[in-house]
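Asks: next one to model:
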Amino acid sequence: MSDYLDRFIQSQDSSVVNKFQQKYWKTKQTLIKVTGKKEDKHVVASDADLDAKLEVFHSIQRTCMELLKVIEQYQRRICLLSQEENELGRFLRSQGSQDKTRAGKIMQATGKALCFSSQQRLALRNPLCRLYQEVETFRYRAISDTWLTVNRMEQSRTEYRGALLWMKDVSQELDPDTHKQMEKFRKVQAQVRTTKKSFDKLKNDVCQKVDLLGASRCNLLSHVLTTYQQFLGPTPNQQKTKQTSMP
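Replies: Numbers count the residues shown, from 1 in each chain. Model (predicted):
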């Protein structure tokens, strides 16, 4: 009975020490990453595909933010330009109505055209507002969801690489003839397998989500920008089609 109790206490102590060591090597790997220290080139090379996907994700994340800022500036400048056009148009119409010469008629016609142009320019705000809302929704939902998966993957990668550091440290002092050291090595090896399995799953999830994110962004912009382009007028191809169809 006492032997059983001793083994139980020893296993509990071993479990606590094991968890402490896991946290130690995870923290050490985190410090290596934060400080930018050089890591094992083979381990880094094994994640080349993943890192390429992460570059794509960060590019999508960054360009969506930039697009939102550009749309805001564009809307603001459209409003200012429309206001200036409308004021100039009204001024020309007012002055032209007082001038009975041909110049007065030209000023009235120009003023009328400017007022009409200012109204048409303001009409661009509707598709721009829709574009802004669609991109913002895409950022809050699709990008945020992918970002959460990326964060979980990075935590899992840190744990896996920390376990590799731990196994490397244990293997350097490994004596195959010592049972206790072999048992410790097997435990660390099992920890590496467990963390690798978790990391591989999240790695696959990230790659799939980034691919889907890129395709979704293309479909979104293609769909929303079509409405915006219709407000700008027919494209050169549409004009050519229209001209060839005329008798």
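
Asks: show me what the helix or strand containing Ser198 is packed against.
Replies: Secondary structure from DSSP states H and E places Ser198 in helix 179-232. Under the contact definition 3 or more CB pairs under 8 Å, 6 or more residues apart in numbering; DSSP states H and E, helix 179-232 sits against helix 2-35, helix 48-98, helix 125-138, helix 144-172. Where you see a C-beta, it was placed from the backbone N, CA and C, and this is true even at glycine.

Asks: 6 Å - rerun?
Replies: Packed against helix 179-232, as judged by 3 or more CB pairs under 6 Å, 6 or more residues apart in numbering; DSSP states H and E, are the following elements: helix 48-98, helix 125-138, helix 144-172.

Asks: can you give me the distance of the residue lying closest to Glu159 once chain neighbours are set aside to Asp169?
Replies: Leaving aside its sequence neighbours, Glu159 sits nearest to Thr195 (CB to CB, 6 or more residues apart in numbering; 4.8 Å). Going from Thr195 to Asp169 by CB to CB, to the nearest Å gives 15 Å.

Asks: so those two - more neighbours on which side?
Replies: Comparing Thr195 with Asp169 by other CB atoms under 10 Å, the one with more neighbours is Thr195, at 22 against 14.

Asks: how confident was the prediction at the more buried one?
Replies: Model confidence at Thr195, given as pLDDT, is 88.

Asks: ok, it - contacts?
Replies: Glu159, Tyr160, Ala163 (CB atoms under 6 Å, 6 or more residues apart in numbering).

Asks: can you get me a residue count around the second one?
Replies: Which is Tyr160. Neighbour tally, Tyr160, other CB under 10 Å: 26.

Asks: tell me if I'm right that it and Lys196 touch.
Replies: Yes: using CB atoms under 6 Å, Tyr160 makes contact with Lys196 at a distance of 5.4 Å.

Asks: of all residues in the protein, which one is nearest the centre?
Replies: Gln61 (2.6 Å; CA atoms, centre = their mean).

Asks: follow-up on the earlier one: what is the nearest of the contacts of Thr195 to Phe57?
Replies: Tyr160 (19.7 Å; CB to CB).

Asks: which residues touch that closest one?
Replies: So Tyr160 contacts Thr195, Lys196, Phe199 (CB under 6 Å, 6+ apart).

Asks: what's the spacing between Ala190 and Lys203?
Replies: Remark: distance between Ala190 and Lys203 (CB to CB) = 20 Å.
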